[in-house]
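# the sequence and its predicted three-dimensional model are supplied below.
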Amino acid sequence: MALITFLDAQLAFGHFALLDHADFSLEAGERVGLIGRNGAGKSSLLKILAGLEKPDDGTLQLQGGVSVVYVAQEPVLNPEATVFVAASEGIASLQAVMEQYLSGEGDLNALQTIIEDQDGWNWEQRVTETLQRLNLNPDAIVGQLSGGTKKRVALAQALVARPDVLLLDEPTNHLDLDAITWLQELLVAFKGAIVTISHDRAFLDAVATRIVELDRGKLTGYPGNFAAYVLQKAEQMAQEAIIFAKADKLLAQEEVWIRKGVEARRTRATARINRLQDLRQNHAERRNALGRVKLDLDVGERGGKLVSELTEAGKRFGDKTIVHNFTATIMRGDKVGILGPNGAGKTTLLKMILGELAPDSGKVRQGANLQVAYFDQMRDQLNLDATLEDFISPGSEWIEINGARKHVKSYLSDFLFSPARANSPVRSLSGGERNRLLLARLFARPANLLVLDEPTNDLDIDTLELLEEMLQDYPGTVFLVSHDRAFVDNVVTSIIAWEGGPHKAGFWREYEGSVQDWLTQRARSAQMGIGAKNNNKNELQANRISREQLSNKEQSTAVMESATSAPTAPTTASASPARRKLSYKEQRELDGLPALIARLEAEQKTIQGQLADGKLYVTDNALALQLAQREAAIETELLHALERWEQLG
């Protein structure tokens, strides 16, 4: 039997339906990842499941005795309380029962049963153990904690209650990579059921056993994690495209028939006219895929090859060392991920790299002609009382991007803000919509260097993927601070990671490649010791020299290849097995594989373009089906070619 069942749910804001006769159920032990566009109503649905809000209509059923705890996206905690007191509020009702029992009031037998069932006599031990698991100081004052630590306090408050159902709204926001990994392990081990809103794809892959998508008021479930959802969704969209194309073709034929006029007036054609009316209605009610954000960035003036060069740079604040003897060279076109726990000093390091903060020791040299654009995770740049139009282009109805003028309403529509909302105040937007608006303003300014501080918070997955594509193609330099591992992996060409600790205060180190490359190289370095450190430094310098000679497009490929193939510790000839010499036929095959792969990818892209809008299914259905079959065959051929390339190379 389901723990929670929600039937025929309806919820609307004005004329916009967030829930449109939606159904949902949650089984014991399930871990559901709730996804959907910004503003789709995910947080509202979670609050309804928690009993904090009411739907306009529908039935919410909870299995008898089921306890539900909700952790908000921005938890509200008493800033003056200690962490222990704040976490203890999760069992406030149990404490009230114990106080009543100790005062001798009420039915003592019934009260004692409740206390024993909930292990009330050991509540202090329960809170202490939970805080230890979350690495929280019980005596710390809540108001003095960082956003990520406050989120952990809210989780502790929820976990001490030992609920049957845990509802989490964007739990990874403000958490660093280590904390997210810890949270994943905690949720997988959690014995109850979970519903979590998240746009962190790596997190959903690790935690979710089912993905539920909220799309224009409807809830659709997909078994498995996010990777499984992507495959199922693609298959579903392909099937829908074929069905819709056939329906459109039939509708077009019937519209031509009815306009002939003569036969349509005969009684025997009544059924056909009725069918045409049904076709028209079905077409009008069709749930076509929503549009995607259109991202276009003004790259500004071309800067010099050098962006920043740091030589044994250091920075201290009082007795705390933030950066210690850090050496690095950032070149034009580099896409650098800056990783570290909250409070490590990522912002301080960034300011030193950009010349906004002078080092206490060492040297920092900046390149020429830098045009910097910032994305601030705290949204300090938002004027909540301004209209969307004025926020993007104050005092003008036009903006200029890459030399072309564009009306501000048209530009806002590229970011999925309808013209009707252009005069709405910024404060009316959801968290994700505010981030999308900040991106719109950021991209409206010319810049050859982007500084993105947690840009992924609250953004829906479609927008995240489009932002990834734009940053990959962006010819300028990018500094990315993010704890979304999938996003970082898909964007950066190198990592600057904090590896400090009690004996290495302010220690930062640069690695080529992605997050996984960093983790691999860090593990090897820990095993090999100082030799690996020196070797890694030499490799970085060699990589820098070669990268200066590459074009921007070649640069990204070369960096990733060198990061994944080059060893990070000294090796000997005997340490690696001898590579088998290829036969003449195999060498010829290997030489031809890059061209084959490029040809297959080009053919696949052409076919996808032909099938993209579904018109071909109407004009030439046989050809469309033939192309769809060819596209599937190309996927198999590509996989085989890539496997052979890896085997022979």
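In hand now; what should we look at?
# could you list the low-pLDDT ranges of the stretch 1-150 of the chain?
Applying pLDDT under 70 to the stretch 1-150 of the chain flags residues 14-15.
# and what of the stretch 251-400 of the chain?
Applying pLDDT under 70 to the stretch 251-400 of the chain picks out residues 251, 253-303, 376-381.
# which parts of it are strands?
Secondary structure of the stretch 251-400 of the chain by DSSP state E, counting those that start in this stretch: the strands cover 306-317, 320-331, 335-339, 361-366, 372-375, 398-401.
# can you list the strands that the second one pairs with?
Paired neighbours of strand 320-331 in the sheet (DSSP bridges): strand 306-317 (antiparallel).
# list the buried residues of the partner strand.
306-310, 313-315 (16 or more other CB atoms under 10 Å). C-beta here means a position set from N, CA and C on the backbone, and glycine is covered the same way.
# can I get stretch 83-96 in CSV, CA atoms only?
Taking C-alpha atoms only, stretch 83-96 is exported to CSV below (Å, rounded to 0.1, in the frame of the first residue of the first chain):
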residue,chain,number,x,y,z
VAL,A,83,22.9,24.0,16.6
PHE,A,84,21.8,21.4,19.2
VAL,A,85,18.7,23.4,20.1
ALA,A,86,17.8,24.0,16.4
ALA,A,87,18.2,20.3,15.6
SER,A,88,16.1,19.3,18.7
GLU,A,89,13.2,21.2,17.3
GLY,A,90,12.7,18.2,15.0
ILE,A,91,11.3,16.3,18.0
ALA,A,92,9.5,19.2,19.6
SER,A,93,6.2,17.3,19.7
LEU,A,94,7.9,14.3,21.4
GLN,A,95,9.5,16.7,24.0
ALA,A,96,6.0,18.2,24.7
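# tell me the buried residues in it?
83-84, 86-91, 94.
# next one: stretch 334-347
For stretch 334-347, the buried set under the neighbour-count rule, 16+ other CB under 10 Å, comprises 334-342, 344-347.
# now render those residues as a markdown table, adding distance to residue 488.
Converted to a markdown table, the buried residues of stretch 334-347 look like this (distance: CB to CB, whole Å):
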| residue | distance to residue 488 |
| --- | --- |
| 334 | 14 |
| 335 | 10 |
| 336 | 10 |
| 337 | 5 |
| 338 | 10 |
| 339 | 7 |
| 340 | 12 |
| 341 | 15 |
| 342 | 16 |
| 344 | 16 |
| 345 | 18 |
| 346 | 13 |
| 347 | 17 |
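# so which of those residues comes closest to residue 100?
Ranked by distance to residue 100 (CB to CB), the buried residues of stretch 334-347 are led by residue 342 at 40.4 Å.
# over to the closest one: give its phi and psi.
Backbone geometry at residue 342, expressed as degrees, to the nearest 10, gives phi -60, psi 130.
# tell me where the stretch 401-550 of the chain has helices.
Assigned by DSSP state H, counting those that start in this stretch, the stretch 401-550 of the chain shows helices spanning 408-414, 431-443, 461-473, 485-491, 515-528, 530-548.
# least reliable of those helices going by mean pLDDT?
For the helices of the stretch 401-550 of the chain, mean pLDDT drops lowest on helix 530-548, to a mean of 45.
# was I right to think residue 385 contacts residue 427?
Yes. In this structure residue 385 lies within contact range of residue 427 using CB atoms under 8 Å: 6.9 Å.
# that older thread, how about the strands of the stretch 251-400 of the chain, which one is nearest residue 31?
Taking the strands of the stretch 251-400 of the chain one by one with CB to CB, strand 335-339 is closest: 26.4 Å.
# parallel or antiparallel, list what pairs with the closest one.
Assessed with DSSP bridges, strand 335-339 is paired to strand 477-481 (parallel), strand 494-498 (parallel).
# return the distance of the first one from the chain's centre.
Same thing as strand 477-481. Put simply, strand 477-481 sits 16 Å off its chain's centre (CA atoms, centre = their mean, to the nearest Å).
# who does residue 32 bridge with?
residue 195, residue 210.
# residue contacts, it?
Residue 32 is in contact with 26, 193-196, 208-212, counting by CB atoms under 8 Å, 6 or more residues apart in numbering.
# so which bits of the lengthiest helix in the chain are buried?
Longest helix of the chain, by residue count under DSSP state H: helix 226-258. Buried residues in helix 226-258, defined by neighbour count with 16+ other CB under 10 Å: 226, 228-230, 232, 241-242, 244-245, 247-248, 251, 254.
# from those residues, which shows the smallest pLDDT?
Ranking the buried residues of helix 226-258 by pLDDT, residue 254 lands last with 64.
# circling back to that earlier point, now the buried residues of helix 226-258 in TSV, with distance to residue 503?
Putting the buried residues of helix 226-258 into TSV (distance: CB to CB, whole Å) gives the following:
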residue	distance to residue 503
226	39
228	43
229	44
230	43
232	49
241	59
242	62
244	63
245	65
247	68
248	68
251	72
254	78
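# low-scoring stretches of the stretch 501-649 of the chain, by residue?
Those would be 502, 525-581, 584, 613-615, 617-618, 621, 649, if you go by pLDDT under 70 across the stretch 501-649 of the chain.
# those strands in it, which residues are they?
Going by DSSP E, counting those that start in this stretch, the stretch 501-649 of the chain shows strands at 508-512.
# which one, of the strands of the stretch 251-400 of the chain, ends up nearest to residue 177?
strand 335-339 (6.3 Å).
# what's in contact with the closest one?
So strand 335-339 is contacted by 176-177, 330, 346, 349-350, 471, 477-482, 488, 491-498, 514-515, 518, 556 (CB under 8 Å, 6+ apart).
# now that strand against strand 508-512, angle please.
Orientation of strand 335-339 against strand 508-512 (axes from the mean of the first three to the mean of the last three CA atoms, to 10 degrees) gives an angle of 140 degrees.
# got the CA positions of strand 335-339 in PDB?
This file holds the C-alpha atoms of strand 335-339, laid out as PDB (Å, rounded to 0.1, in the frame of the first residue of the first chain):
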ATOM      1  CA  LYS A 335      37.700  27.100 -18.700                       C
ATOM      2  CA  VAL A 336      38.700  26.700 -15.100                       C
ATOM      3  CA  GLY A 337      36.600  25.100 -12.400                       C
ATOM      4  CA  ILE A 338      37.400  26.300  -8.800                       C
ATOM      5  CA  LEU A 339      36.500  23.700  -6.300                       C
END
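# quick one: it to helix 461-473, angle?
120 degrees.
# tilt between strand 335-339 and helix 515-528?
60 degrees.
# chain center to strand 335-339: distance?
The answer for strand 335-339 is 16 Å, by CA atoms, centre = their mean.
# and if you look at stretch 588-599?
Relative to its chain's centre, stretch 588-599 lies at 34 Å (CA atoms, centre = their mean).
# and the buried residues of helix 226-258, which two are the farthest apart?
The span of these, defined through CB to CB, is set by 226 and 254 at 40.8 Å.
# does the closest residue to residue 2 other than its chain neighbours count as helix, strand or coil?
Closest residue to residue 2 apart from its sequence neighbours, by CB to CB, 6 or more residues apart in numbering: residue 25 at 4.2 Å. Recorded secondary structure, residue 25: strand (DSSP: H, G, I helix; E, B strand; the rest coil).
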